[in-house]
Every structure is written in C-alpha cells, then in structure tokens.
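Colleague: how does the following fold in three dimensions:
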Amino acid sequence: MARQVFLRLTATSSDGADTADRATWAELTEGKSPAEARDVEAVLEAFAAERLLTLAAGTVEISHEVLLTAWPLLRDTWLADTHADRIVRSRLHTAAAEWARHSRDPSYLYAGTLLQAATDTAARIGADPARHPPLSHTEKDFLHASDRSRRRRMRRRRGLIAALTALVLGLAAATVVAVRAERVAVRAERQVAHQLDVVTSGLLASQSQLIGDADPDLSKLLSVASWHLDPSSAARHAMLAAAARPGIAILTATANVNAVAFSPDGRTLAAGTGDGAVVLWDVATRQKTAELVGPDQVTSLAFSPDGKTVAGGSPDGTVWLWNAVTQSAIGSRLSNGHASVNSVAFSADGKTLASGSSDGSVRLWNVATHQPIGTPLGNGRTGGVNTVAFSPDGKTLAAGSNDGSVRLWGMATHRQRGGPLTGEGGQINSVAFSPDGKTLAGGSADGTVWLWDAATHRPTGTPVINGGGAPVSSVAFSPDGKTLAAGDADDTIRLWNVTTRQQIGGPFTGHGGSVTSVAFSPDGKTLASGSYDLTVRLWNTATPGQNLAETTNLVRYLCALAGRDLTRAEWARYVPHLPYQPVCP
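Modeller: Okay, the predicted model is just below:
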C-alpha cells in the first residue's frame, strides 16, 4: 500500500522527470475496501509522523521532493520499475482532469496512438495492482469515453467505406478518388508515428544523459533505444557518451561497504559491510546470492586461494571464517584480544591467515586448526596496524601502520626483514604486492601512493604517485602488474601506469561517499570499489573515455540495424573516433 501511495504522489513529466504531486484522501482510498482504506490511513500516518508526508485539509503530498532521489527503494525499485507506465499515467491523469473541467467535451478525448498507449498502460495496471495505484473513476470514464468515441469513428468509417464501395461499383472516377484519399490517410498516419518516434527518442536520449554514472547499464540501453527510434545527432551523442563511461553496474548494500574482494575464479564478489554481513554477488548476473551473517561490523575481507573460505575482521577483536560453498560459519571465532582487527590476508598456500590489529600487532593463524602460530609480530610501538598483505610466494608479510611505516616479516623466521619502509606521508592505510612480488605499494593518509622495491626496501621514485590530495584508503595491482588502482576519500578511484607513474585517463566518479576498498577481478577487466555510500560499483578498466570494447559493441549494433557494412560516410558520422574498417565486426 505504501508503494501505491508514493506512486500516486509522484508525477512524471513528458520528458521523464519525476516530481512530487498532490492528491486528496478520497483519491487515495477510491475503490478500496474498508480494510485497504485502513491500510492507506496507516501508511499516511506513519510517514507523516516521520515528516516525509504532509497532511493538509483533505490533501496529501510528499514533504521533501529530494525523497524521490534519496530513497533507494522508491528511486531504484518502485519508480524505476514503472517509469514508462508513469509517463503515460501522468499524461492520462492531466488529460482526464482537463476533460472533466470542460464538461466532458469530446474534443479532449484520446485517439490513435495516445489512446492505444493509455489503454495498454491501464491493462498493465489492472493486471498488477500491487505495483500500481488503481485508476481513478475520472480516468476510467475518460478511457471508456475515448474508446466509445473511437468505436463511433470506426462505425462511421465503415459506413463511409460501404458507401464508397457502392459508388465504386458504378463510378470508375470515384474509385480513383477513394484510392488517393486512402494514400493520403496512410501518409498522415505514418507522419504521426514518425513524430511520436522522434519525441520518444529525444526523451530516451535525455534520460540516458541524466542518469549517466548513476545507472550506467540503463544509460547504455536507453541511448541505443533512442537511436533505434530516431538516428538523430542527439541520440548518437547519447550513445557515444554512454559507451565511454567506465561504470558497469551498481550493487546496493544495506550499510557502509568497508571491504570488497573477488573470489579466485572471478565468479563471486564479496563485500564486508558496516552491519556485520558479508554479501555475495554473482558477477555475471549481478544478483545477490548469499548474505553471510557475522559480527556487528566487518572491517576487512579476504578469500582463501582455493575460494572455499572467506575471512572477515571485526572491531570487536575477532576474525570470522565462513565456508563460501555452504555459506555458514566455520568453527569458533579467532580471538584477537580486545584490539580491532583492521585487515586480514591469506598466504599463497591458504594454510596461514594474518590479521593486523589496532594494538600494533600482527597475528598469524593456522587455518586448519584455528590456532595461533607463535607469538604476535610487532611490539605495538608502531601504532595500529591498518593493513597486511602476503607476497605472491607467501614468504613475506607486509604490515602498514599508523606511524607511516611498512614492515616486512619473514614467514620462515617470523622476524622483521631489514628496517621499515618509509615515505614522507602520513599513516599507511593499505598495502599491496605486485604480481611478481618485486614491488610493494602503500596508500597513505596524505594522498600519495608510495612504491618500494621489496628487495632493497627503497622507494622506486619520489614523490611517488599523487592521489589528488585526499587520503588514499585502498590500493590494488592489476593481475598483469601494469596498472595500480587507488581509492580515495574524495569519493573517486584513479588508475596509474606503474611504469610511467602517469594517471590513466580521468578519475572514476559516481560514488557518493569515501571509497574504502578496491579490487581487480582475476582477468583484470573489471575493478570493484566499495564505499560509505552503501554501494559496490563495478568499472571497466579500459582507458576511461576510450572504452573500445563498448564502442565495438555499438558499431556491431549499428551494422545490424543497417543490415550491411557501414559506408565511410556513415562511419564518420556515428563513430568518428575510430579508424574506418570496411567490414563490420
């Protein structure tokens, strides 16, 4: 019932923009049973108590129009699922009201494609009352009157045709006139259909541009649909803009996302959240497959090398282990004392788990027995350990601390290897080894990313990579070691060429909160990022603004529509940024 109420209180203009609307109590309860009317009253009173609805003398309206974009359930499900129908519904509501105000003048009735669109929408509303508020009596009367008018016109037309047929039998000249009249009517009908296509195409192109990075998947689909209806310059621009966006998808969580990790086979993405859950998604379908229940908050996350185990750290000083197959907790929690567990990492063979704590220590655990291995590493004088990472060969463990240093520990001796790795920035928030194990990256609170030679413990260049000034919360190497991703507190992600130290394209934008974690998929084609805005975003790691894979898909679609290879002139018009090729892909 809440869904019906809010859909009725939302109007959608012809250009697709949602705005708050006002309705009377009578409209909201019209045609409902006494029990349903009580449900409506309960919804209105509950949201009015939270000051989200305003109840006046017999009227109801949304108190804050920002609710239409700030409430994910309303924006992404209720409004998004019924967007096309609501455009037609709002237009029907206005037309019916105008008709009623003008004493039901027949000249205000629908006809042709407008009537067909409204009738189809009314049928969908009637077939799924749970998703749509029912039509009002005025709207129903308007549609019935429009349909009766259409039938009268059809009867008149049939009568006219019959009369013309009789005349045709006797008059050859009348036959010629009738044929010409029919052709004119067909041309007029086609012209109306073309104009409708042009208007609809413009609306789709505008909507594609409007949602942009907020919903990249839908933006691409809308732009292609716009071009299919009318291959205008606006539709072409919308398609090229959508194809160039690096965003792939947005996955919504129920709390802050503190950590993200891909499974080793790349099929599953895990996110540790502020409400103590580890959410699992199927990467291919982007559907949530499970929610692992754990502590009050999951601060860090890691998959075992075989993908069967998920480890998560918590501020309550414990480490949780889950079976990724059965999606259940494994044994008892690993106790880290009372210090918050800020980071967890598996060794390359999956037998050892490391956890970094706010008390400045690093603990090692036997994954099979759940028992600690030796005494904790570190003496606590470095401040809290924010991040840990094993080298690819599992022989070295790196730990980044609040004092701005990174210490390397030998796993055979459990002794520190050489002196600490230091830069000139603040605390180290994240560390990562390159795939070949020769380079260690560390993201710091002063907005820089330091790169050290893992053998000599020396920086490989100063200043290293400037991350834009905001604290760098997470770093990750691509599987080929050529690209480094850095998530910043300024809500952005930047990609860097490890060899040249140059930023690759512009920053990835779209998050509405600090980026807490970044992770590459095993094939390196996708980057996942978690944020305080309660979302996980997936990005295409092709050079931003030059997404050739998406552009190739666009060319393939254009060729399919044309039914042949594109000419050089067509190529220059639609994909001017690519060299001409005579054969479509």
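
Colleague: which helices and strands sit right next to the helix ranked longest in the chain?
Modeller: Across the chain, the longest stretch assigned as helix under DSSP state H is helix 172-211. Here helix 172-211 touches helix 112-127, helix 137-170, helix 216-229, helix 233-244, going by 3 or more C-beta pairs under 8 Å, 6 or more residues apart in numbering; DSSP states H and E. C-beta: built from backbone N, CA, C; applies to glycine.

Colleague: for Pro264, find the nearest of those.
Modeller: helix 216-229 (25.9 Å; C-beta to C-beta).

Colleague: just the pLDDT for Val498.
Modeller: Per-residue pLDDT puts Val498 at 89.

Colleague: now it. Nearest residue, chain neighbours left out?
Modeller: Closest residue in space to Val498, ignoring its immediate chain neighbours: Leu484 at 5.4 Å, by C-beta to C-beta, 6 or more residues apart in numbering.

Colleague: save the helices and strands packed on helix 172-211 as CSV, and put in distance to Ala35 and mean pLDDT too.
Modeller: Below are those laid out as CSV (distance: least, C-beta to C-beta, whole Å; pLDDT from 0 to 100):
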stretch, distance to Ala35, mean pLDDT
helix 112-127, 20, 81
helix 137-170, 20, 79
helix 216-229, 37, 76
helix 233-244, 46, 77
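
Colleague: wait, a helix at Cys403?
Modeller: Just to correct that, residue 403 is Asp rather than Cys. No: remark: Asp403 does not belong to a helix; assigned using DSSP: H, G, I helix; E, B strand; the rest coil, it is coil.

Colleague: circling back to that earlier point, can you add mean neighbour count and distance to Thr94 and give the helices and strands packed on helix 172-211 back as a markdown table?
Modeller: As requested, those are arranged in a markdown table below (neighbours: other C-beta atoms under 10 Å; distance: least, C-beta to C-beta, whole Å):
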| stretch | mean neighbour count | distance to Thr94 |
| --- | --- | --- |
| helix 112-127 | 15 | 12 |
| helix 137-170 | 14 | 10 |
| helix 216-229 | 21 | 24 |
| helix 233-244 | 20 | 26 |
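
Colleague: and these as CSV, adding distance to Gln287?
Modeller: Output for those, formatted as CSV (distance: least, C-beta to C-beta, whole Å):
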stretch, distance to Gln287
helix 112-127, 24
helix 137-170, 36
helix 216-229, 13
helix 233-244, 23
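
Colleague: tell me which of these sits nearest to Val431.
Modeller: Using C-beta to C-beta, the helices and strands packed on helix 172-211 put helix 216-229 closest to Val431, at 30.4 Å.

Colleague: so where does Ala11 fall, helix or strand?
Modeller: Under the criterion of DSSP states H and E, Ala11 resides in strand 10-12.

Colleague: buried sites along that strand?
Modeller: Going by neighbour count (16 or more other C-beta atoms under 10 Å), the buried part of strand 10-12 is 10-12.

Colleague: measure how the longest helix of the chain sits relative to helix 137-170, angle-wise.
Modeller: Between helix 172-211 and helix 137-170, the angle comes out at 150 degrees (axes from the mean of the first three to the mean of the last three C-alpha atoms, to 10 degrees).

Colleague: how far off centre is the strand or helix carrying Val431?
Modeller: Secondary structure from DSSP H and E places Val431 in strand 428-433. Centroid separation for strand 428-433 versus its chain: 27 Å, with C-alpha atoms, centre = their mean, to the nearest Å.

Colleague: for the residue nearest to Val498, helix, strand, or coil?
Modeller: Criterion first, three-state DSSP; result for Leu484: strand.

Colleague: Pro133 too?
Modeller: Under three-state DSSP, Pro133 comes out as coil.

Colleague: any idea how far it lies from Val199?
Modeller: According to C-beta to C-beta, to the nearest Å, Pro133 stands 26 Å off from Val199.

Colleague: quick one, which of these two is more surrounded?
Modeller: Taking neighbours as other C-beta atoms under 10 Å, Pro133 and Val199 compare with Pro133 leading, 22 against 14.

Colleague: right, and the more buried one touches Arg8 too?
Modeller: Yes: under the criterion of C-beta atoms under 8 Å, Pro133 makes contact with Arg8 at 4.1 Å.

Colleague: give me the common contacts of these two.
Modeller: Counting by C-beta atoms under 8 Å, 6 or more residues apart in numbering, the common neighbours of Pro133 and Arg8 are Leu28.

Colleague: circling back: okay, buried residues for the helix or strand just after the strand holding Ala11 please.
Modeller: Using DSSP H and E, the helix or strand that follows strand 10-12 towards the C-terminus is strand 18-20. Buried residues in strand 18-20, counted by 16+ other C-beta under 10 Å: 18, 20.
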